[in-house]
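Undergrad: take this sequence and fold it.
(one chain, ligands or ions: 1)
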Amino acid sequence: MPIPVPSHEPHKIKTVRLVSFPTLEERKRHLAEAHFNVFNLTPSQVNFDMTSQGTSAMSQEQIAGQLLGDEAYAGARNFDNLCRAVRDRLGHTYVCPTHNLLGCVKLVVSTLVPARTGVASNARGLADTLTPRAIPVPSIRTGTDPIFTGNADLGRLEALLESEPISILWLQAFADGMHPVSLANLQAVRVAADRRGIRLVLDGSRVIENAWYIQRHESGQSDRAVSDIVRQIVKTAHVLALDGAQDPKSTTGGILTTDNPADHERFINEVVLYEGLHTYGGMSGRTMEVLARGLDEMCDEAEVQWVMRVTEQFTEDLRARGVPIERGCDGAYLEADRILPHIPQHAAHALACALYLTSGVRASVPGLVGGRHLPIQIPRLAMTTWQLGQVAEAIANVHRQSGQVAPLELQSGGRWNDQLRFRSVFADLKPYEFDCYPFLIHTIERIPDSSREQRERAIREAGYNTFLLRSADVTIDLLTDSGTSAMSIDQWAAYDATRPTSATSDAYRTFVKTFRETYGYEHIIPVHQGRAAEHILSQIMIRPGQMVPGNMYFTTTKAHQELAGGVFLDVIVDQAHDPECDFPWKGNIDLSKLRRVVERDGAARIAYISFEHCVNMAGGQPVSMDNMREVYAYCSPKRIPVFYDATRAVENAYFIQKRDPRYRETHIRDILREMMLYGDGCTVSGKKDFLVNIGGLLAFKDNAAWRVEAEELLRVYEGGVADGGLAPADLAAMARGATEMLDDRYIRTRVEQAGFLASRLIDAGVPIVMPPGSHAIFLDARRFLPHIDQDEYPAQRLAAEIYVETGVRVMERGNVSKGRDPETGRNYRPSLELVRLTLPRRVYTNDHMRVVADGIIRLYRRRETIHGLHFAYEPAHLRFFQGRFAPTAA
Ligand code: P71
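TA: Sure thing, here's the model as predicted:
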């Protein structure tokens, strides 16, 4: 059976690395300061750094392994793990660790290459390191096979072995990044080496990519797993050298492996001179651990197929745009001489400068001066296909204007590309603007795949309730956006750097300062999450019998208002209750409804206004700036406090920027400050906008008495006044998240992801709540399944069917959630019978969204085959959490 190719990443994003987008002016300055050699730019001066060595996204297991480093000088446990991984995955018995690939080369040369002998190789790059040592590196690459361009020419090899003193054969899997080797050729070279009694050394740093090529293109190999082919490749070599910063996705490190005890003995006797000791070889314990885990994971079939699919797509994309390239194992190698025929000298450098100047993308020229290619290498797993599509556009943009690219004048030279300094001018080139996620993937978490049979069993065992599924059975989890964000490495850095205390932490001070600045509110009180703030606010503001008008309820908010003796009153605009109406401000308060309440009962009967941004239960619908201003202007003189549930305030600010022409040029941070001006305080569940997994706050604009009361309750119910029951590290992560959430580019891509998913569903006629919300898409189950009566819970069944069809987990928001009328015992049958697809922040890509949409569209096309449910077990309270169901007969 041919190996399946995944249609989305077989992982989700665990942590992200933020990308800054330097302006054209900044790029000009950086380029001049770098002497027109992009090697001298730092990653913070570029947006996308197209290099694959040491830049891969790690797995969460690898990053965790960093702290399992057994930093012993001799015999570290990490080394045992490394040996075990080599034996299990590569098949070789003996492992000599090295600090990186150059360490491997050093040991091989000093043990297996006597003076005045040469190394026959298919890789030009090897000559860069061996010719300075006066070791000849005759090429045995044929370039005649149309696919396996890295194959050795056996005839030439035999002739060489006859005529010259060749001590070893050094083949590189995917020679120079562009030339794969076939298994048959590798085996033939091994036979030739054995006949002469010399070693075949294989540089397997890109063995995965080469194995994939063999699987894809060599006859009889298409049914074999990559892991299997990798072992065979390795076993064909006498010695394997491997760069830890390539396929195993470490940041550095290397290994030299073999089955020959005598060779191993030679290596470890040399390793003490050049590298370290035979049990660490110049690597830290943590690097050995990361490398070992990387070796264990690198043959994961789905991951290999995904990475190679992305590479194929990228190179095909450039070819389709007419850009002259060679396809590399990890990207596209631009043919600079063909792109810039008018620039005879240093064309690859000139192309690199033009690419950086126009777009901020860095691609640099490696090795010795003289190459004609500019490699655009894709960091493994670190970029989305959306970003790569734009990198391809940025390259095509330069290609279209290649006639205008400025030549470089050599100012000072050297033999290596990194030494060159140039003089040049800024050519008048049209720049390319990126519009994509402003982050790279830093670590990933693999997501489980499952068969339909497995999912049918899982949903049956969960009583057709998605809350009762185990996440181990879920492929894409759209249950909630609460506490599910991917943190950035800056948040992690702040988290790890926090000095803990049960008194006042530095993190608390930073937290208070940050949110004073963010909201313009004086009193900032930390709480462990949103409902803790709601509890305290309700207790200090509500006297029994008072009313709390608000723009639709949220479950926890309303529960705390009622616990305090308050009566919630819904004063949201009527449009909010109509899923088909596409009014842009469906979160607004209907002022006439509010006025009626105040005029009827008097301002003193109103505890406060409960005003939620991007109203969750209405479908993530925003409030307009005018509405906030008008509500505040009406309430303030009457001494009716206005409290925001600002949980999704930043998303609301984005809608104002997008939909209100007066705010089109206003930064999100300034829109948010104005929004908060029209309130007296707020509660926030930090698990949403703040990009953290736990946390929240309660804030008051200027009322010190409320603060004193709130802190009294905080001490009794939550924790210290300076931590609210959170670890100080969580405060640090929140403060850092609050600066990241205000990035205009981030919040746009965040909210527009919902729009992307929505538009695919809308195009296929799937009924959803209009307009699409900020944090979620809501399917209208009444129109999706009109043949199922509401008392047979269409939204509940639809949620279950989506799971079975796609492995995607979603949430019912309809008759089950709303419950029964205690008077009559009948279901409430709410007007909104919805299924919520909620989007975690920075976790899933548009490729994930595409398969979610496709699955739901498939389901929609066979909707009449779906039937209802009845309760098998119905709890008295909040039945949606624990309730169990059984299918009704068709
Ligand atoms: C969501 C959640 C989490 C949730 C809560 C209750 C039942 C199911 C899922 C929580 C919110 C929210 C708003 C607007 C306050 C809270 C409570 N939302 N206000 O949407 O959306 O915050 O969870 O931090 O206590 O899945 P908390």
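
Undergrad: could you find the closest non-adjacent residue to residue 368?
TA: residue 128 (4.8 Å; C-beta to C-beta, 6 or more residues apart in numbering). For every residue, glycine as well, the C-beta is placed using N, CA and C.

Undergrad: which helix or which strand is home to that neighbour?
TA: helix 125-130 (DSSP states H and E).

Undergrad: ok, residue 534 next?
TA: helix 530-541.

Undergrad: I'd like to know which elements the helix or strand that that helix is followed by is packed against.
TA: Per DSSP H and E, the first helix or strand lying C-terminal to helix 530-541 is strand 547-550. Here strand 547-550 touches strand 567-570, helix 591-601, strand 609-612, going by 3 or more C-beta pairs under 8 Å, 6 or more residues apart in numbering; DSSP states H and E.

Undergrad: for residue 475, find the nearest of these.
TA: strand 609-612 (31.3 Å; C-beta to C-beta).

Undergrad: what residues does this protein have near the ligand?
TA: Residues of the chain lying near the ligand by C-beta under 6 Å from any ligand atom: 480, 482, 529-531, 554-557, 612, 616, 645, 647, 685, 687, 696.

Undergrad: what is the nearest of these to residue 667?
TA: residue 647 (20.9 Å).

Undergrad: what's the burial count for the closest residue to the ligand within the stretch 501-650 of the chain?
TA: Proximity of the stretch 501-650 of the chain to the ligand (C-beta to the nearest ligand atom) peaks at residue 530, 2.6 Å away. Neighbourhood size, residue 530 [other C-beta atoms under 10 Å]: 25.

Undergrad: for it, which non-adjacent residue is spatially closest?
TA: Closest to residue 530 by C-beta to C-beta, 6+ apart is residue 685, at 2.7 Å.

Undergrad: is the one you found in a bridge, and if so with what?
TA: Residue 685 has these beta-bridge partners by DSSP bridges: residue 696.

Undergrad: now that we have the residues of the chain next to the ligand, which of them are buried?
TA: 480, 482, 529-531, 554, 556-557, 612, 616, 645, 647, 685, 687, 696 (16 or more other C-beta atoms under 10 Å).

Undergrad: and residue 676, how many residues sit next to it?
TA: With other C-beta under 10 Å as criterion, residue 676 counts 23.

Undergrad: now what about the helix or strand hosting it, what contacts it?
TA: Assigned by DSSP H and E, residue 676 belongs to helix 668-677. With C-beta atoms under 8 Å, 6 or more residues apart in numbering as the test, helix 668-677 has contacts from 518-521, 613, 625, 628, 632, 644, 646, 649-650, 652-654, 656-657, 663, 682, 701, 742-744, 747.

Undergrad: swap the cut-off to 10 Å and go again
TA: 517-521, 613, 623, 625, 628-629, 632, 644, 646, 649-657, 660, 663, 666-667, 682, 689, 699, 701, 738-739, 741-748 (C-beta atoms under 10 Å, 6 or more residues apart in numbering).

Undergrad: what's the answer for stretch 138-145, then?
TA: Contact with stretch 138-145 is made by 118-124, 126-127, 148-161, 163-164, 166, 169-172, 175-176, 179-182, 185, 189, 192, 217, as judged by C-beta under 10 Å, 6+ apart.

Undergrad: which one of the residues in the stretch 701-850 of the chain is closest to the ligand?
TA: Nearest residue of the stretch 701-850 of the chain to the ligand (C-beta to the nearest ligand atom) works out as residue 838 at 6.3 Å.

Undergrad: what's the pLDDT at that residue?
TA: Each residue has a pLDDT score; the one for residue 838 is 98.

Undergrad: ramachandran angles for it?
TA: Main-chain dihedrals, residue 838, degrees, to the nearest 10: phi -100, psi 140.

Undergrad: correct me, but it touches residue 483?
TA: No. Contact criterion C-beta atoms under 10 Å: residue 838 and residue 483 do not qualify, at 11.5 Å.

Undergrad: overlap in contacts of the two?
TA: residue 688.

Undergrad: pLDDT below threshold where in this structure?
TA: 1 (pLDDT under 70).

Undergrad: CA-only coordinates of the helix holding residue 534 in CSV, if you can.
TA: Extracted as CSV, the C-alpha positions of helix 530-541 are listed here (Å, rounded to 0.1, in the frame of the first residue of the first chain):
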residue,chain,number,x,y,z
GLY,A,530,-12.2,34.9,35.2
ARG,A,531,-14.9,33.4,37.4
ALA,A,532,-12.9,34.4,40.6
ALA,A,533,-13.0,38.0,39.5
GLU,A,534,-16.8,37.7,38.7
HIS,A,535,-17.4,36.3,42.2
ILE,A,536,-15.6,39.1,43.9
LEU,A,537,-17.1,41.8,41.8
SER,A,538,-20.6,40.4,42.3
GLN,A,539,-20.2,40.2,46.0
ILE,A,540,-19.0,43.8,46.5
MET,A,541,-21.3,45.5,44.0
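
Undergrad: just confirm residue 831 is within a strand.
TA: No. With DSSP: H, G, I helix; E, B strand; the rest coil as the criterion, residue 831 is assigned coil and is not in a strand.

Undergrad: that one: neighbour count?
TA: Residue 831 - counted by other C-beta under 10 Å - has 11 other residues nearby.

Undergrad: still on that earlier bit, just give the number of residues close to the residue nearest to residue 368.
TA: 18.

Undergrad: what of the one 4 residues further on?
TA: Around residue 132 there are 11 other residues, counting by other C-beta under 10 Å.

Undergrad: any idea how far residue 287 is from it?
TA: From residue 132 across to residue 287, the span is 27 Å (C-beta to C-beta, to the nearest Å).

Undergrad: as PDB, could you dump the C-alpha coordinates of stretch 255-275?
TA: Taking Å, rounded to 0.1, in the frame of the first residue of the first chain, the C-alpha atoms of stretch 255-275 are listed here in PDB:
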ATOM      1  CA  ILE A 255      27.600  11.400  16.000                       C
ATOM      2  CA  LEU A 256      29.900   9.000  14.300                       C
ATOM      3  CA  THR A 257      28.500   5.500  14.300                       C
ATOM      4  CA  THR A 258      29.700   2.100  13.000                       C
ATOM      5  CA  ASP A 259      29.400  -1.700  13.500                       C
ATOM      6  CA  ASN A 260      33.200  -2.000  13.400                       C
ATOM      7  CA  PRO A 261      34.700  -2.200  16.900                       C
ATOM      8  CA  ALA A 262      38.200  -1.400  15.600                       C
ATOM      9  CA  ASP A 263      37.100   1.800  13.800                       C
ATOM     10  CA  HIS A 264      35.100   2.800  16.900                       C
ATOM     11  CA  GLU A 265      38.300   2.300  19.000                       C
ATOM     12  CA  ARG A 266      40.200   4.600  16.600                       C
ATOM     13  CA  PHE A 267      37.500   7.300  16.900                       C
ATOM     14  CA  ILE A 268      37.300   7.300  20.600                       C
ATOM     15  CA  ASN A 269      41.000   7.500  21.000                       C
ATOM     16  CA  GLU A 270      41.000  10.600  18.900                       C
ATOM     17  CA  VAL A 271      37.900  12.100  20.400                       C
ATOM     18  CA  VAL A 272      39.800  13.100  23.600                       C
ATOM     19  CA  LEU A 273      42.200  15.100  21.600                       C
ATOM     20  CA  TYR A 274      39.800  17.000  19.400                       C
ATOM     21  CA  GLU A 275      36.300  16.800  20.900                       C
END
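
Undergrad: quick one: contacts for the nearest residue to residue 399 once chain neighbours are set aside?
TA: Leaving aside its chain neighbours, residue 399 sits nearest to residue 323 (4.8 Å; criterion: C-beta to C-beta, 6+ apart). Going by C-beta under 10 Å, 6+ apart, residue 323 touches 315, 317, 332, 334-335, 338-339, 376, 392, 395-396, 398-400, 402.

Undergrad: let's see that with 8 Å instead.
TA: Contacts of residue 323 (C-beta under 8 Å, 6+ apart): 332, 334, 339, 395, 396, 399.
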